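*Asks:* structure for this input, please:
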Amino acid sequence: MRRLTIVAVVLSGLFTFDFASAQNNPPALDAIGARFVDEGARLDIRVTATDPDAGDIITLWAELYPTNATFADSTGGIGGFTFLPDYTQAGGHQVRFIAIDTGGLADTELVDITVNNIDRAPVLSSIPPQSVNEGATLQVRVTATDPDGNIITLLARIFRPMPHSQIRQVESEAWYSTPISPRAAVTRLRS
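*Replies:* Residues are numbered from 1 along each chain as shown. Next up is the predicted model:
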């Protein structure tokens, strides 16, 4: 608190005026620090701030936050930040948290958030049941997509192979089988 005293002299006497004004101190955000989250996961940050001046109201907010993020000021110097990064948000992001008091003074923290890239499994297209006559060639075309755009390698593994049959990969996505047995059998091809 500052104190100012003014002394005035007038013809009728001496007057003293005392003025007191409160010094406003800035609020202080509690340290947050760098954060890490995986794609598809949830990051929650509790934001808190205090003010040394009794009676000051603290307002919290966030700036620069990425898509799929929200911030809510719960009043009383407490707020919450939630980030649900999707599978296109891998990399670095920044959020600025701000606490401001009724006197207009503020404290800020720029927080680095790293979203870790998570590799998702490729998706194999459906292969309906196949049949082939003895001595004929069965061709099975297999396709798959990768949601992350990665290169896909297709491999075939035979479960319960037909007796005396042959399987070979001719193209990167086609397998051929020629049953040469007079007996029927069931063969499953998995990629």
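*Asks:* my read: Pro66 touches Thr82, true?
*Replies:* No - under the criterion of C-beta atoms under 8 Å, Pro66 makes no contact with Thr82, lying 11.6 Å away. The way it works is simple: take the backbone N, C-alpha and C, and place the C-beta from them, glycine included.
*Asks:* domain parsing of the chain, as residue ranges.
*Replies:* Using automatic domain parsing, the domain parsing of the chain gives 28-116, 123-190.
*Asks:* distance between the ends of the longest one?
*Replies:* Read that as domain 28-116. 30 Å (C-alpha to C-alpha, to the nearest Å).
*Asks:* same question for that domain, mean pLDDT?
*Replies:* In this model, domain 28-116 has a mean pLDDT of 97.
*Asks:* can you tell me what sits against stretch 112-128?
*Replies:* 34-40, 43, 66, 83, 85, 87, 89-95, 140, 142-148, 150, 152, 189, 191 (C-beta atoms under 8 Å, 6 or more residues apart in numbering).
*Asks:* then stretch 60-80?
*Replies:* Outside stretch 60-80, the residues that reach it (C-beta under 8 Å, 6+ apart) are 27, 44-51, 58-59, 81-86, 89, 93-99, 113.
*Asks:* among those residues, which ones are in strands?
*Replies:* Taking DSSP state E, the ones among those that sit in strands are 44-50, 59, 81-83, 93-99, 113.
*Asks:* coming back round to it: dump the domains of the chain into JSON lines; add mean neighbour count as well.
*Replies:* Output for the domains of the chain, formatted as JSON lines (neighbours: other C-beta atoms under 10 Å):
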{"stretch": "domain 28-116", "mean neighbour count": "16"}
{"stretch": "domain 123-190", "mean neighbour count": "12"}
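*Asks:* how near is Tyr65 to Asp146?
*Replies:* In this view, Tyr65 and Asp146 are 30 Å apart by C-beta to C-beta, to the nearest Å.
*Asks:* wait, I meant Ser125
*Replies:* In terms of C-beta to C-beta, Ser125 sits 12 Å off from Asp146.
*Asks:* this structure: helices as residue ranges?
*Replies:* Counting by DSSP state H, the chain has no helices to list.
*Asks:* quick one: Met24 from Gly104, how far?
*Replies:* Wrong residue type there; residue 24 is Asn, not Met. Counting by C-beta to C-beta, the gap from Asn24 to Gly104 is 8 Å.
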